[in-house]
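[1] my questions are about this predicted structure, shown below with the sequence.
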Amino acid sequence: MTTLDAIPVTIVSGYLGAGKTTLVNNALRKANGLKLAILVNEFGNLAIDEDLIIAQDDNMISLAGGCICCSYGNDMLLSLKELAALDSKPDQIILEASGVAIPSAIESSVSLIDECYTESIVSIIDCEQIQEQLNAKYIADTVLSQIESADLILANKADLIKNDTEFYNWKENHNILNKAITVSHSDIDLDIFLGITRQDLELRTRQVEEGHTDKFWSKVFTPHTSIDPIKLSQALTLKYLFLVRAKGHVLGSDQKIYEVQSVGHRSYVRSTQKDKTPGLVLIGTKEHMNFDLLSQSLKEFGSLSA
Amino acid sequence: MITIYSAKKIITMNPARPFASHLAVKDGKILGTGGLVELEKWGDYKLDNSFKDKVIMPGFVEGHAHTMEGTLWRYVYCGYFDRTDPDGKIWSGAKTIEEVLDRLKAADKNLAGPDDALSGWQLDPIYMDNKRVSRADLDRVSKTRPIGILHASGHIMNVNSRALELGGLMKTGINHPGIPLDEDGYPTGELYGPDAMTPVGVHVGFNRSLTDSDEAGLVSFGKLCVRTGVTTVTDLAARLTEDGVEAMIKITNKQNYPACVVALKVFLGASAKETVEFVQGLKKKSTDRLRLGRIKAVADGSIQGFSARMRWPGYHNGAPNGLWYTAPDQLSDLYKLSLEAGIQVHTHTNGDEATEMALDMLEGALKEHASPDHRFTLQHCQLADAAQFRRMKKLDMCVNLFANHHYYWGDEHYRLTVGPDRASRMNACRTALKTKVPMAIHSDAPVTPLGPLFTAWCAVNRRTASGRIQGEEETITIEDAMYAITLGAAYTLHMDDEVGSLETGKRADLAILEEDPFLVDPDELKNIKVWGTMQQGRIFDAKLL
């Protein structure tokens, strides 16, 4: 269990050209009051769109909406600690890894400090290149391990796929890629990419708000009283449920309130002192939508909104 | 003013006039070599007979070292082998963990504050039956001050409880591949890799800019150069920050600085385009004794750390393949932009897959930006096979092989990392020469000690630390080894027109030796005493440093 004031870190992984930087810039544009800190391996490749930049010195770029961007050079942990020590503490950190970095190794390092925790590993692939890359002479194992460590895979540049049928057949049959979410121009909702923010969560569970975009559905899950939060968190990661993300609060059998969260195969539970209404928001893709199976699988923990 | 020096023998490495009895120097340059009668014709001169019983060679060129060795000597030497410090003191090797601890205890008493950090370097448990130094061992030295010992590889560190505490790692529940845990659930104190080392390292004197040398370190490093006959030395992976460059200019410009430092900007943390532009700017800041304007790229990790990228069949002990430190596409970008800008790139490749990758990327880049005489150099290149050397030749590349590594870790490579077959062809000097790839050999100081005569001994004898000759077929002659540490290395730096041989117009840089390397028993090469050096006509007596 991580402490509640630890800052969530989303590790963005992917080979060169997959769309990491665009993904990060999109997130900044959508931040809408969320204070994001971007940590990049290098400032070099125009990490941030110029129109978002307010001020820049050697170590830090100040961005619109109270967001910031830093480069971590050769001491990632120190940079994370420095971000956590800022007066205006970021709500979330996006760590953009280098193109050949193995994200699970970064996660191990993040786990060494108490100030932050890994919220999820998001790997982005280039649909046009991925088949070739997974067979490429030097980088195949690197790209594969980037995908294997991911909680969320974004299959980017879907608009550039030349033969749709062939590609989607390949993807569906490629075990580790079948849950990948196809996107274009690294365009993805923030609550998919970074998770549902705490403020948003309150609102959505209270109003039993359901959302549907052309790609995703979201439903509110009302837990029974006195359930085991850890068991629930594990159930949410069952592969055949194809849940993209889940987040909310439950009342544990010890009568304490817990925050439960899952993304892909990662889940975590944290005790929270605050007075929260039990309820979770579940998000999945329409591509893999089976509410009967979902209701059935989670029956012992609670019920889905109609 | 002309000075003519007499010597017992002058070995010029200039094939047109290989030996001479006298050498004329003017304005820090060589006016000529030959007999006194010939040189007298230049006009008024002063005859200097100080070296009449010495053997003179061109000043040695170390093509792969790091000036940080100068800074490390302020810490406690914990190495297994005897090693000479900048002041000429020979530190005997510490043969057991108890000896290492005794040394630390002695140093502990000399530290003023109770919280001052105690740091050691060059530990290598491989030679101590792989017995590890534990946190408890170091706690016996001190529980109040943080203690850290950096291993010879530079990739592992041992620390005590206090250091772990300061680094925030003295806790249970850690799950990190670089941080092994004790039975009690706390870290053993052994930290692997930069991610695990850095949080604690900063508290024991090993900060994150470890490879950068400070002013005092650069001065100490200069002394080591004099003691080993080196007059041109690389600082092969410098960050070259603005402050760093200013300090280097300041120190090397001093009238008594004894070496020309060739500093390469490491390709890390900036794009290829930015790096090339930055280095083009740096190049203009070059001085007589500080040469800037080259780039060092790092393709993979190390073989003994199992982070080098290997081709099939991979590591002998079955360890998974290593890591790319630079993506192929990034290296390709760097090569293209550098070729276009006329900037030279040296690339660290240890595993043979990394070597292959660098060859592929350069071949592609050269098709777009044909560049005569680029002299792009592969550094270490320890596992290259004959076919790869043939490609290097075709691509006009140079190679700088890690001859010293064979001595220090050859037994490990044989036993563990790559197995007997490939261990025998590691650092294949004879294949490189046979294939006519321009070749240098190096120490990678501080990983192994600076000392071109020792490096030459390694390449000539291929003896491992246990005394075995490993890969006799790849040994080279003394002549070839002496070429490699002079003109060979100078060539890889585009400096063979300036240094590396004693010829009219070249820099008056000399290695002044007590014996003739060409006449000693090959096994004695490493024992030849160095009197000192001459650099740009200035004389440096090792005894007077």
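    Here it is on my side, so go on. Numbering: from 1, shown residues only, chains lettered A, B, ... in the order given.

[2] is stretch B:362-374 in proximity to chain A?
    No - Stretch B:362-374 does not reach chain A (CB under 8 Å from any CB of the partner chain); its nearest approach is 12.4 Å. No exception for glycine: its C-beta is placed from N, CA and C like everyone else's.

[3] average pLDDT across stretch B:47-65?
    Mean pLDDT, taken over the full extent of stretch B:47-65, equals 98.

[4] buried set for it?
    Along stretch B:47-65, these residues count as buried under the neighbour rule (16 or more other CB atoms under 10 Å in any protein chain shown): B:48, B:51, B:54-65.

[5] render the CA-only coordinates of it in CSV, please.
    C-alpha atoms of stretch B:47-65 as CSV (Å, rounded to 0.1, in the frame of the first residue of the first chain):
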residue,chain,number,x,y,z
LEU,B,47,73.2,21.0,-26.1
ASP,B,48,71.4,19.2,-23.3
ASN,B,49,72.8,15.9,-22.2
SER,B,50,70.3,15.2,-19.4
PHE,B,51,68.9,12.3,-21.2
LYS,B,52,72.2,10.8,-22.5
ASP,B,53,71.5,7.5,-20.8
LYS,B,54,67.7,7.5,-21.5
VAL,B,55,65.7,5.9,-24.3
ILE,B,56,63.4,8.4,-25.9
MET,B,57,60.1,7.6,-27.7
PRO,B,58,57.3,9.7,-28.9
GLY,B,59,55.0,10.7,-25.9
PHE,B,60,52.4,8.0,-25.5
VAL,B,61,48.9,8.6,-26.6
GLU,B,62,46.1,7.1,-24.5
GLY,B,63,43.1,6.9,-26.7
HIS,B,64,40.5,5.8,-24.1
ALA,B,65,40.7,7.1,-20.5
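
[6] flag every residue of the stretch 251-400 of chain B that's near chain A.
    By CB under 8 Å from any CB, the residues of the stretch 251-400 of chain B that approach chain A are B:268-275, B:309, B:321, B:323-330, B:353, B:357, B:360.

[7] buried only: go through those residues for me.
    The buried subset of these (16+ other CB under 10 Å) comprises B:268-272, B:274-275, B:309, B:321, B:323-330, B:353, B:357, B:360.

[8] enumerate the residues of the stretch 1-150 of chain A near chain B.
    A:15-17, A:41-45, A:71, A:73-78, A:98-100, A:102, A:105, A:108-109, A:111-114, A:137-139, A:141-142.

[9] of those, which belong to helices?
    Where the residues of the stretch 1-150 of chain A next to chain B overlap with helices, as defined by DSSP state H, the overlap consists of A:76-78, A:105, A:108-109, A:141-142.

[10] now, among those residues, which is nearest to residue A:219?
    Minimum separation from residue A:219 among those (CB to CB) is found for residue A:108, which lies at 34.0 Å.

[11] how many neighbours does the closest one have?
    As a burial measure, residue A:108 scores 20 neighbours (other CB atoms under 10 Å in any protein chain shown).

[12] residue ranges with poor pLDDT in chain B?
    Low-confidence segments of chain B, defined by pLDDT under 70, are located at B:208-211.

[13] mind giving me the domain ranges of it?
    Each structural domain of chain B that the record assigns through automatic domain parsing is listed here as a residue range: B:2-53, B:76-204, B:272-498.

[14] can you give me the end-to-end distance of the first one?
    Domain B:2-53 has its terminal residues 21 Å apart, counting by CA to CA, to the nearest Å.

[15] then the longest one?
    As for domain B:272-498, its first-to-last residue distance stands at 29 Å under the measure CA to CA.

[16] do the same with stretch B:91-105
    Across stretch B:91-105, the straight-line distance between its terminal residues is 16 Å, by CA to CA.

[17] buried ones in it?
    Burial within stretch B:91-105, assessed by neighbour count using 16+ other CB under 10 Å, is assigned to B:91, B:93-94, B:97, B:100-101, B:103-104.

[18] quick one: those residues as CSV, columns for secondary structure too.
    Conversion of the buried residues of stretch B:91-105 to CSV gives the following (DSSP: H, G, I helix; E, B strand; the rest coil):
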residue, secondary structure
B:91, strand
B:93, coil
B:94, coil
B:97, helix
B:100, helix
B:101, helix
B:103, helix
B:104, helix
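
[19] which of those residues lies closest to chain A?
    Proximity to chain A was ranked across those by CB to the nearest CB; first place goes to residue B:104, at 25.7 Å.

[20] the closest one touches residue B:138, doesn't it?
    Yes - under the criterion of CB atoms under 8 Å, residue B:104 makes contact with residue B:138 at 7.4 Å.

[21] common neighbours of these two, please.
    Taking CB atoms under 8 Å, 6 or more residues apart in numbering or on different chains as the contact criterion, the common neighbours of residue B:104 and residue B:138 are B:147, B:149.

[22] so of the residues of the stretch 1-150 of chain A next to chain B, which ones are in strands?
    residue A:71 (DSSP state E).

[23] lowest average confidence, helix or strand, in chain A?
    Sorted by mean pLDDT, DSSP states H and E, the helices and strands of chain A end with strand A:211-212, the least confident at a mean of 66.

[24] quick check: what element follows it along the chain?
    Under the assignment DSSP states H and E, the closest C-terminal helix or strand after strand A:211-212 is strand A:216-223.

[25] run the chain-centre distance for that next one.
    Strand A:216-223 has its average C-alpha position 17 Å from the chain's average C-alpha position, going by CA atoms, centre = their mean, to the nearest Å.

[26] which other helices and strands contact it?
    Under the contact definition 3 or more CB pairs under 8 Å, 6 or more residues apart in numbering or on different chains; DSSP states H and E, strand A:216-223 sits against helix A:198-206, strand A:211-212, strand A:243-251, strand A:279-285, strand A:302-304.

[27] restrict the third one to CA atoms and write it as PDB.
    Right, strand A:243-251. Presented in PDB, the C-alpha positions along strand A:243-251 are these (Å, rounded to 0.1, in the frame of the first residue of the first chain):
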ATOM      1  CA  LEU A 243     -11.200  -3.500 -18.300                       C
ATOM      2  CA  VAL A 244      -9.000  -0.700 -19.200                       C
ATOM      3  CA  ARG A 245      -9.200   1.100 -15.900                       C
ATOM      4  CA  ALA A 246     -11.200   1.100 -12.700                       C
ATOM      5  CA  LYS A 247     -11.000   3.400  -9.700                       C
ATOM      6  CA  GLY A 248     -13.100   4.100  -6.600                       C
ATOM      7  CA  HIS A 249     -13.800   3.500  -3.000                       C
ATOM      8  CA  VAL A 250     -15.100   0.500  -1.000                       C
ATOM      9  CA  LEU A 251     -16.000  -0.100   2.600                       C
END
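
[28] so which elements touch that strand?
    Using 3+ CB pairs under 8 Å, 6+ apart, the elements in contact with strand A:243-251 are helix A:190-193, helix A:198-206, strand A:216-223, helix A:229-236, strand A:257-263, strand A:279-285.

[29] hmm, who's touching the shortest one?
    Identification of contacts with helix A:190-193 by CB under 8 Å, 6+ apart yields A:10, A:23, A:27, A:30-32, A:34, A:122, A:152, A:154, A:181, A:197, A:200, A:216, A:218, A:244-245, A:283.

[30] what lines up beside the lengthiest strand in chain A in the sheet?
    Using DSSP E, we find that the single longest strand of chain A is strand A:116-126. Strand pairing for strand A:116-126, using DSSP bridges, gives strand A:7-13 (parallel), strand A:152-156 (parallel).

[31] what comes into contact with stretch A:148-160?
    Applying CB under 8 Å, 6+ apart, the set of residues contacting stretch A:148-160 is A:13, A:18-19, A:23, A:102-104, A:107, A:120-128, A:130, A:147, A:171, A:176-177, A:179-186, A:188, A:192-193, A:244-245, A:263-266.

[32] hang on, I meant stretch B:530-545
    With CB under 8 Å, 6+ apart as the criterion, stretch B:530-545 contacts B:3, B:25-29, B:50-51, B:54, B:59, B:86-88, B:223, B:225-231, B:255-256, B:258-260, B:288-289, B:453, B:507-514.
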